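J.: Have a look at this prediction, sequence included:
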Amino acid sequence: MATPYEARLVPTGRATLLISLAEPFSQVRRLGVPDAGSGNIGSLVVGLEDRPATCTHPGGQEATRVEFTPLGAYRLFGLPMGELTNLAVEIRDVLGPEAGVLVERMAATPDWTASFDLLDAALLARLEYGPRPTPEVGRASANCSPAARRRSRSPVSPPKWGGARGT
């Protein structure tokens with residue numbers, strides 16, 4: 001028999017897609033927010049968070065979790081992130097009824113590799129039609145990426161000045 005549990009989660013700066021392949025969560029609740037519980041919820045989308053949360057599960061969880069940058073979540077979900085902030089929402093309410101079909105197909109697939117292939121195909125197809133950011137937002141997002149932060153911390157040669165320095 002599966003053991004019920006409660007997990008405490010901290011904000012990560014990412015939006016999350018959680019595809020439950022077994023028992024649903026019995027509660028996802030934001031700490032410090034009255035009446036901010038989700039009730040019974042299966043596969044879900046969690047927006048960006050600015051406070052901790054608790055997730056209560058009856059046990060026996062099997063799930064696939066995918067985290068997205070704010071820009072990636074905007075492109076996939078097609079919503080401004082402010083509409084999902086601090087919310088855990090049923091996957092169908094964000095991605096439409098085809099998301100329910102995806103969850104059923106993944107749950108019926110006995111092989112993890114085939115299940116991930118289904119998910120990859122569905123996400124890539126959705127991104128193809130998702131909103132595109134303005135060029136400025138795309139550049140800003142790229143400059144905030146971990147790779148950009150690593151580049152900014154790398155040693156840089158001092159600038160080379162041409163000619164004589166003014167006094």
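T.: Done, it's in.
J.: Kindly provide the whole-number mean pLDDT of stretch 117-135.
T.: Over the span of stretch 117-135, the pLDDT mean works out to 91.
J.: Go through that stretch and flag the buried ones.
T.: Neighbour-count burial for stretch 117-135 flags 118, 119, 122, 123, 126, 130 (criterion: 16 or more other CB atoms under 10 Å). C-betas here are computed from N, CA, C, even on glycine.
J.: Might you report the residue contacts of residue 4?
T.: By CB atoms under 8 Å, 6 or more residues apart in numbering, residue 4 lies in contact with 56, 57, 58, 59.
J.: nearest to residue 138, of these?
T.: residue 57 (37.1 Å; CB to CB).
J.: bridging residues for the closest one?
T.: Beta bridges link residue 57 to residue 5, judged by DSSP bridges.
J.: From residue 12, how far out is it?
T.: 19 Å (CB to CB, to the nearest Å).
J.: So which of these two has more stuff around it?
T.: Between residue 57 and residue 12, residue 57 has the larger neighbour count (other CB atoms under 10 Å), namely 21 against 11.
J.: could you pull out the helices for the protein?
T.: Under the criterion DSSP state H, helices of the chain are mapped to 70-77, 91-95, 97-108, 112-129, 135-143, 146-153.
J.: List only those of the contacts of residue 4 flagged as buried.
T.: By 16+ other CB under 10 Å, these give residue 57 as buried.
J.: of the contacts of residue 4, closest to residue 20?
T.: Nearest member of these to residue 20, counting by CB to CB, is residue 57, at 9.2 Å.
J.: wait, isn't residue 127 in contact with residue 74?
T.: No: counting by CB atoms under 8 Å, residue 74 is not a contact partner of residue 127; they are 10.8 Å apart.
J.: Out of the helices of the chain, which gets nearest to residue 3?
T.: helix 97-108 (21.2 Å).
J.: could you say what helices and strands that closest one packs with?
T.: strand 15-20, helix 91-95, helix 112-129 (3 or more CB pairs under 8 Å, 6 or more residues apart in numbering; DSSP states H and E).
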